[in-house]
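> Build me a structure from this.
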Amino acid sequence: MKQILLALVVLLLAMLACSPTTTTKDATAAVTTFVDENGSGKIPETYTPLTNTMVIATWNVHGYMYRDVQLTDQSGRANFSVTYTHFFDISAFPPCGYYSTTPLYQSMTDTEKANFGFWPADPAEQLSNVKVLLWKDLNENGARDPQEEVAGKKISVMLQIPGGVNGNPYDEDNYTFTSADGWFDIPLGNSCGTIDLLLLNSDAATASVSEPGLDSDAGSHGNTFYPSIEISYEPGDTIIYWEIK
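Prediction:
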């Protein structure tokens with residue numbers, strides 16, 4: 001029996017030694033968002049750029065997950081430079097009042113350019129911004145009083161892109177926010193839709209949330225739980241009061 005076990009161990013070690021090692025790859029992505037007037041899904045030589053469109057890069061390095069969120073510039077462009085091992089994807093959050101004419105998710109493992117076209121149905125003129133006040137009822141009087149703001153807490157923003165799936169918080173992420181005087185100020189470019197906020201590194205729980213916010217289970221991931229709320233928003237400022245306990 002010992003000889004059999006030893007042989008199995010030797011075989012396993014040999015298989016691991018011969019298995020290919022995944023190496024890291026350096027990659028860039030030049031992203032363009034444009035108004036697709038004829039709905040063809042193809043970017044023309046001359047086009048109208050879509051500024052302030054939210055584009056998201058996600059990639060991995062072995063078991064670690066990364067995210068970089070940018071708003072496109074006056075030329076409708078954003079640029080990413082990453083190092084990854086298995087996948088590198090770019091997605092776009094549709095501008096408010098537009099329909100997508102190209103896929104909202106594109107793999108960048110075999111290309112360096114991603115073009116996202118949107119047909120204008122009823123374009124919004126304002127940009128979107130979500131402001132959330134995190135507070136705790138310290139005196140237990142059932143009302144929000146001065147000095148009950150909770151500062152220094154960190155949230156991750158999960159974007160509900162059509163056809164997408166919210167995942168776990170990322171190991172490194174440029175789209176997290178820390179409450180200043182209790183407030184989170186979240187710029188969302190020209191988008192409208194729904195986001196989830198996950199309160200990181202906290203043993204708190206949601207006590208209440210004002211409309212249009214809702215208590216959410218988006219922060220439940222196996223044995224890990226993050227207090228979370230869901231917010232539907234439109235262009236302009238959306239203000240939410242999030243009470244924790």
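> Just checking: what are the partner strands of the strand or helix carrying residue 66?
Following DSSP states H and E, one finds residue 66 within strand 64-71. Applying DSSP bridges, strand 64-71 is found paired with strand 54-61 (antiparallel), strand 172-173 (parallel).
> Please pull up the helix or strand immediately following the shortest one.
So the one you mean is strand 172-173. strand 176-178.
> Can you list the buried residues in that following strand?
In terms of neighbour count (16 or more other CB atoms under 10 Å), strand 176-178 has its buried residues at 176, 177. Using the backbone N, CA and C atoms, a C-beta is placed for each residue, glycine as well.
> Report the distance from the strand holding residue 66 to the chain centre.
In terms of CA atoms, centre = their mean, to the nearest Å, the centre of strand 64-71 is set 7 Å apart from its chain centre.
> Would you mind writing the CA trace of that strand as CSV?
Once non-C-alpha atoms are left out, strand 64-71 reads as follows in CSV (Å, rounded to 0.1, in the frame of the first residue of the first chain):
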residue,chain,number,x,y,z
TYR,A,64,-6.7,38.2,-8.2
MET,A,65,-9.4,40.4,-9.8
TYR,A,66,-8.9,44.0,-10.9
ARG,A,67,-11.2,46.8,-12.2
ASP,A,68,-10.6,50.2,-13.7
VAL,A,69,-13.6,52.5,-14.4
GLN,A,70,-13.2,55.6,-16.6
LEU,A,71,-15.4,58.2,-18.2
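> Show me which positions of that strand end up buried.
Neighbour-count burial for strand 64-71 [16+ other CB under 10 Å]: 65, 66, 67, 68, 69, 70, 71.
> Mind listing the strands the helix or strand hosting residue 28 pairs with, and their directions?
According to DSSP H and E, residue 28 maps onto strand 25-35. If you go by DSSP bridges, strand 25-35 pairs up with strand 48-49 (antiparallel), strand 77-84 (antiparallel), strand 113-120 (parallel).
> Which one, of those strands, ends up nearest to residue 133?
Proximity to residue 133 (CB to CB) singles out strand 77-84 among the strands paired with strand 25-35, at 30.2 Å.
> now the helix or strand following that closest one: mean pLDDT?
Per DSSP H and E, the first helix or strand lying C-terminal to strand 77-84 is strand 88-92. Across strand 88-92, pLDDT averages out at 97.
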